[in-house]
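# Give the three-dimensional model of this entry:
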Amino acid sequence: MVDSLAVRITIRPMVADDLERVHEIDELSFSAPWPASSYRFELFENPAGRLWVAETQLAGEEKKVVGMIVVWLLVDETHIASIAVHPDYRGRGIGRKLLVTALKASFGWGARMATLEVRGSNLVAQTMYRDFGFEIVGRRPRYYVDNNEDALIMSLNDMDEEYFEWLGD
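Predicted coordinates:
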């Protein structure tokens, strides 16, 4: 476990040098992780893809990627495709910082709503999304191939200036 007082987080766009670490975080976070090639595709080939990482630097150490988010900008909607934080860094608001960054940037690019799928059993993530104003709007039966668990579809409508004032940083 990492001392939370020593952790300062910077959110920045993902670059090629981050791909190995991002895939490692994905594998530690999900029972059905994306293949490494998917992140490379999102970063270099998907015109709708927008990717960020959370980075920290402890005293005397090199910078280290500790979280990531992938969103797809689809006309006026942003779809949160993946978000994860390394297990050693969870519970410190890093996921929230990543989500704020992605939503604000997406709004700047014209998105006025956001959607995502989340496991029905992932109550921690659902709570975070609800804190952002997302609501459950549907279900995708047997969405997750590793165990046939349903996905809950969550949506955030009416992203506007007032929403971001409410959201703050």
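# could you say what helices and strands the worst-scoring helix or strand of the chain on mean pLDDT packs with?
In the chain, no helix or strand scores lower on mean pLDDT, DSSP states H and E than helix 161-167, which sits at a mean of 91. Secondary-structure packing of helix 161-167 (3 or more CB pairs under 8 Å, 6 or more residues apart in numbering; DSSP states H and E): helix 94-108. Bear in mind the C-beta positions are built from the backbone N, C-alpha and C, glycine included.
# Point to the residue nearest the middle of this protein.
I83 (2.6 Å; CA atoms, centre = their mean).
# Now do the same contact list for that residue.
By CB atoms under 8 Å, 6 or more residues apart in numbering, the residues touching I83 are 67-70, 95, 98-99.
# Going by contacts, tell me the helices and strands next to the host helix or strand of E24.
Assigned by DSSP states H and E, E24 belongs to helix 19-29. The contact analysis (3+ CB pairs under 8 Å, 6+ apart) places helix 19-29 against helix 36-44, strand 64-74, strand 77-85.
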